[in-house]
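Chemist: take a look and give me a structure for this.
(3 chains)
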Amino acid sequence: MTVVLAFLIVVAGIAGVWLARHGIMEKPWLHVSPASPTPGHGRARPAGSPGRIGLRVFLTVVGALFAVLLSANLMRMEATDWRVLPNLPLVWVATAFLALSSATLHGAVLSARRRDPDGFAHAIAAATVTAAAFLVTQVLTWRQLASAGVGLSGNPAASFFYLLTGLHGLHIVGGLAALGRCWARWARTRRPEAVREGIELCAVYWHVLLAIWLILAAVLTGWAGAFAATCLSLVR
Amino acid sequence: MTEIPLGPAVETEPFHDDDLYHPRSWLTKYVFSQDAKVIAIQYSATALFLGFVALALSWLMRLQLGFPDLVTFIDADAYYQLITMHGMMMVVYVLTALFLGGFGNYLIPLMVGARDMVFPYANMLSFWLYLVAVVLLLSTFFLPGGPTGAGWTLYPPQAILSGTPGQEWGIILMLLSLIVFVIGFTMGGLNYVVTVLQGRTEGMTLMRMPLTVWGIFTASVMALLAFPALFVGAVMMLFDKLLGTSFFMPALIEMGEHLKYGGGSPVLFQHLFWFFGHPEVYIVALPAFGIVSDLISTHARRNIFGYRMMVWAIIAIGALSFVVWAHHMYVSGMNPYFGFFFATTTLIIAIPTAIKVYNWILTLWRGDIHLTTPMLFSLGFIITFVNGGLTGLFLGNVVVDVPLSDTMFVVAHFHMVMGVAPILVIFGAIYHWYPKVTGRMLHEGLGKLHFWITFLGAYAIFFPMHYLGLIGVPRRYHEMGDATFFPESAQSLNAAITVMALVVGAFQFVFLFNLIWSLRRGEPAGGNPWRATSLEWQTPETPPPHGNWGRTVPVVYRWAYDYNVPGAAEDFIPQNQPPAAAGGMA
Amino acid sequence: MLVAFAILLVVVGSVLFHLLSPWWWTPVASNWGTIDTTITITFWITGLVFTAVGLFVAYCVFRFRHRPGGERPIYEPENRKLEGWLTGLTAVGVAAMLAPGLLVWKHFITVPPEAADVEAVGQQWQWTFRLPGDDGRLGRTAIRLVGPDNPLGIDPADPAGSDDIVVDGGELHLPTGQPIRVLLRSTDVLHDFYVPEFRAKMDLIPGMVTYFWLTPTRSGTFDILCAELCGVGHAFMRGSVVVEDAVAYRSWLEDQKGRMVARLATPSE
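Modeler: Numbering: from 1, shown residues only, chains lettered A, B, ... in the order given. This is a model prediction of the structure:
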């Protein structure tokens, strides 16, 4: 459970700093006023949009989900029946697609900020297509693996591969649904400003899912294990 | 009751009508509602219904334990199905749903001065997914093989193999139901957390929030972080059951036949399960801690003693509860050296918990204790919680746990600490807030009758049960059979416990009757019958309509515990009362 | 008012029940009397706290209940000194329980080198035992080798296993005074080897070998129970363990060896 504990320590650290800045030490009975008694810190009235904060909290939950899965993966790895998966070049193709999708979505955010409707339309179209290409590559990877005789059951490394990439894919599908709503609003209004916040949220979601994907790909292909082994041998 | 002049209606946030979702028909107002208060009532009603189902199941299992020779219609299969469904229903579908989905939805927006939750649509979906989860769970009673009898902990390999009842549909639907529950809860939990972060009204700083909000907020954060582990465990077990993977399944023999599984680790599931399961205890306990603090303070007419310590203790307990999970696994064959770490963390948690108890009882000291029904339930909570908490020190201390684990001592302990104690708080809270929800008081006489039977009866059920565990009676035995260490007299103790369980259970229907009867016949309550300070009692209308606050949201000037402030005219000062109108120290 | 007396009744009743009721643990039959000592320490500390809190609550309710014209409550948001003292005292109480507990745990997980091995195998829903032969070592096992002829899956290729003594029928004998390491194995689901008089218990995990150790100290026949839910037969998964002096134990062991030889002579029916 080391991965998930490390994840929780990071979350606890952020929460601790936030609480400290919002006057967790103040004595509330001493002050009678709508203003905050902690000068310089702790706004009397929270600022920021609920959507933005909501997405951050949701991504923390997603992070916890994948941290738990990675913990399970590492614990199960210690059993004797674990066999490293065959080389899967398609994983890196998928990675490239997802990175591209993430980058173009960031481009869409920039165009929306510049109020550039053409750039915006191109960027979200590119982001959607590359995200779909990521999913298709994903399915092709599974088929390649299955045709190599590595099914869902049998080798636990494969079981984890299918499970983790599948869950990650479902999150991308969910993201595409959110992106679809932005599309619909864009089609109605034709104003990038109207969908700016939605696209910004999508972009943050994409970046985090890309980060999770990179970690998953590194662990699942055995690349992370090999890297760790090299580091250890250097230390010794 | 004197009306207290509230501050000038500060037009801080003009009420844009179109900001809020507006129900257009009966269906969207009462069924597919996005109003947190309606969702709260939907959650509570469903959870209470399930609570009564779980109560009926507990009656049946107690009949079997008390009178094994008379009750011939319950065999081992049925008994295991009863305990499994009772446990899972109570822990997840009743207590979690009531505290977070019920009280959280109703109280968070009102107590922090918001008009509603921040994501009303997701909030509505949360309830409907919860209902789907409940339907999936209950449907197993009617499917071939019946519900699963794997125990509420669902330990593999046994949970998905023959030899355990409900291995056809029961376990599959149980796992699916948990998966749906977690997804639904995540939608609700996001609301509870973000509403506290973002929806607070002007002046409602973190340290001015009532402890109820602190408890529910911290519990929601914990649930968001802990439920993924349950989700992962359920998904992986479903894969093992349906798709032949070996996440948790080692090479084994089922009824003389070699199965295709191999290499999996049953202990891995236990780690995932308790990584969710232990925080879950506090997900139930922290809202109860928060609520009972407010009940004690209001009905003892004193500020809660040591508010800051109370907040810090809630946060400390919430954080520590993520590093104690393996104290459920001391005899599970995990690395024995983990025992040192987990025993230490577990016993450390006793310190912030004890601080909370001291502060509750120090709030009573030199108070003006009104022995209303909510106060009685709070006192009952203190006694049962202290009792159950102290027996936790036995089970947390690794070597003491060795003889006691998997015995009736454990059953007695967790029923006292996370069954009886939080349920007493739920009752107290319902007697306390029912007037706000309905505009009418619950009947005090019936309430007191309900309290006396429930408190004394439940204590008499679970206190002696510890001693069955000390003798060595294992849990999850539908009958003791012949055993040299088990004295004949212990069976009579078992029978007495059963009789008490039947009586206490029967008197819960008095409570149900009171809930329904008072809806029409209860005494009209007015807006603030308990003369309480927190914002939910200051709404312009009772019950609060959609949007809660009429034209202007309240502005908060003070903390939630200004009772009997020296020099003040009244014995309480509402949170939204400006300094000039209050008088006194300030 | 009434509730003050009720709380008093609950506290006094609990203490009296604890002291006077006939229900208490069975006399210990192993070296783990030290576990009983830690439980007793815990009972004293927690009992004192429970009584003190209960009596304090009862007193407060009696003394500060609402009365017309009663005194006005105090307004005291916090008292850091009092809270500090209470926290400190609690920490001392917790340490007083934890320290002996961890010491005994250290002892519990340190198997003495002279301990003799005994294997207990759980199968739905019976116990089988295996003792090493004259070589003092148990042979390797594997689940895939389990079959009607070889219920424990002993590996025939391992010479250490050739003289192993399999004891079926669910009755195990142990000599007094000899440290025993009980190795635990399951061929199907989770079980738990539990003898109330020994105080020790441990889960059986399929795919793993778990263990605990004890020294039997008192002769007698004790029940072996399964303490981890293992399916519908869970409550009936019984065995017994006979603790006896070294002489009686040796004659039982010779008898078991004889049976083993007879069984090997007629391999299968």
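Chemist: chain neighbours aside, what residue packs nearest to the residue of chain C found nearest chain A?
Modeler: With Cβ to the nearest Cβ as the measure, C:Pro77 is the residue of chain C nearest to chain A, at 4.6 Å. (Glycine included, C-beta is placed from N, CA and C.) Spatial nearest neighbour of C:Pro77, chain neighbours left out: A:Trp29 (4.6 Å); criterion: Cβ to Cβ, 6 or more residues apart in numbering or on different chains.
Chemist: let's verify C:Leu184: helix, strand, or coil?
Modeler: Of the three states, C:Leu184 takes strand under DSSP: H, G, I helix; E, B strand; the rest coil.
Chemist: tally of neighbours for it?
Modeler: A total of 23 residues lie near C:Leu184 under the criterion other Cβ atoms under 10 Å in any protein chain shown.
Chemist: and if you look at C:Gly13?
Modeler: 15.
Chemist: could you check the pLDDT of it?
Modeler: Looking at C:Gly13, its pLDDT stands at 96.
Chemist: return the residues in contact with it.
Modeler: Listed by Cβ atoms under 8 Å, 6 or more residues apart in numbering or on different chains, C:Gly13 has no contact partners.
Chemist: from what I see, the residue of chain C closest to chain A and B:Ser297 are in contact.
Modeler: No: with contacts counted by Cβ atoms under 8 Å, C:Pro77 stays clear of B:Ser297, the gap being 11.3 Å.
Chemist: quick check: neighbours shared by those two?
Modeler: In contact with both C:Pro77 and B:Ser297: B:303, B:561, using Cβ under 8 Å, 6+ apart.
Chemist: more crowded one of the two?
Modeler: B:Ser297 (27 against 17).
Chemist: excluding chain neighbours, what is closest to that one?
Modeler: Per Cβ to Cβ, 6+ apart, closest to B:Ser297 is B:Ile304, 4.3 Å.
Chemist: circling back to that earlier point, tell me the phi and psi of the residue of chain C closest to chain A?
Modeler: Dihedral pair for C:Pro77: phi -60, psi -40, per degrees, to the nearest 10.
Chemist: do C:Leu131 as well
Modeler: Torsion angles, degrees, to the nearest 10, at C:Leu131: phi -120, psi 150.
Chemist: so what's the residue lying closest to it once chain neighbours are set aside up against?
Modeler: Sequence neighbours aside, C:Ile165 is the residue nearest to C:Leu131 in space, at 4.4 Å (criterion: Cβ to Cβ, 6+ apart). C:Ile165 is in contact with C:130-133, C:253, C:256-257, C:260, counting by Cβ under 8 Å, 6+ apart.
Chemist: kindly report the same for C:Thr187.
Modeler: C:Thr187 touches B:252-253, C:121-123, C:143, C:146, C:152-153, C:206, counting by Cβ under 8 Å, 6+ apart.
Chemist: run a quick neighbour tally on residue 160.
Modeler: Going with chain A. Neighbour tally, A:Phe160, other Cβ under 10 Å: 25.
Chemist: that's the wrong chain, I wanted chain B
Modeler: Per other Cβ under 10 Å, the neighbour tally for B:Ile160 reads 24.
Chemist: excluding covalently adjacent residues, which one is nearest to it?
Modeler: B:Lys241 (4.4 Å).
Chemist: and the helix or strand containing the one you found, what's buried?
Modeler: Under the criterion of DSSP states H and E, B:Lys241 resides in helix B:211-243. When burial is assessed from 16 or more other Cβ atoms under 10 Å in any protein chain shown, helix B:211-243 yields the following buried residues: B:211-241.
Chemist: what of stretch B:391-407?
Modeler: B:391-407.
Chemist: does any part of that stretch sit near chain C?
Modeler: Yes: residues of stretch B:391-407 contacting chain C under Cβ under 8 Å from any Cβ of the partner chain: B:391, B:393-394, B:397-400, B:402-407.
Chemist: out of the residues you listed, who's nearest chain A?
Modeler: When those are compared against chain A (criterion: Cβ to the nearest Cβ), the nearest one is B:Val398, at 18.1 Å.
Chemist: how many neighbours does C:Glu171 have?
Modeler: C:Glu171: 15 neighbours (other Cβ under 10 Å).
Chemist: please name the residues that touch it.
Modeler: C:239-242 are the contacts of C:Glu171 under Cβ under 8 Å, 6+ apart.
Chemist: quick check: phi and psi at it.
Modeler: phi -120, psi 120.
Chemist: for A:Val10, helix, strand, or coil?
Modeler: helix.
Chemist: mind checking pLDDT for it?
Modeler: pLDDT, A:Val10: 96.
Chemist: count of residues packed around it?
Modeler: 12.
Chemist: now it: how far from chain B?
Modeler: 12 Å (Cβ to the nearest Cβ, to the nearest Å).
Chemist: in helices, which of the buried residues of stretch B:391-407 appear?
Modeler: Taking DSSP state H as the definition of helices, those contribute B:391-396, B:398-404.
Chemist: nearest to B:Tyr93, of those residues?
Modeler: Of all those, B:Gly392 has the smallest distance to B:Tyr93: 23.6 Å, by Cβ to Cβ.
Chemist: that closest one: what's it in contact with?
Modeler: For B:Gly392, counting by Cβ under 8 Å, 6+ apart, the contacting residues are B:346, B:350, B:413, B:417.
Chemist: so who does the residue lying closest to the first one once chain neighbours are set aside touch?
Modeler: Closest residue in space to B:Thr346, ignoring its immediate chain neighbours: B:Gly396 at 3.5 Å, by Cβ to Cβ, 6+ apart. Contacts were defined as Cβ under 8 Å, 6+ apart; by that measure B:Gly396 touches B:324, B:327, B:343, B:346-347, B:349-350.
Chemist: redo that, cut-off 10 Å
Modeler: B:324, B:327-328, B:330, B:342-350, C:94, C:97-98, C:101 (Cβ atoms under 10 Å, 6 or more residues apart in numbering or on different chains).
Chemist: same deal with A:Val84?
Modeler: By Cβ under 10 Å, 6+ apart, the neighbours of A:Val84 are A:77, A:155, A:157, A:221-222, A:225-226.
Chemist: which members of those are the farthest-apart pair?
Modeler: Across these (Cβ to Cβ), the longest gap, 17.9 Å, separates A:Asn155 and A:Ala226.
Chemist: in the stretch 251-400 of chain B, what residue spans correspond to helices?
Modeler: Using DSSP state H, counting those that start in this stretch, the helices of the stretch 251-400 of chain B run over B:266-299, B:307-320, B:338-364, B:373-396, B:398-404.
Chemist: tell me the helix or strand right after the shortest one.
Modeler: Using DSSP H and E, the helix or strand that directly follows helix B:398-404 along the chain is helix B:408-415.
Chemist: relative to helix B:373-396, how tilted is the next helix or strand after that following helix?
Modeler: Counting by DSSP H and E, the next helix or strand C-terminal to helix B:408-415 is helix B:421-438. Compare the direction of helix B:421-438 with that of helix B:373-396 by axes from the mean of the first three to the mean of the last three Cα atoms, to 10 degrees and you get 150 degrees.
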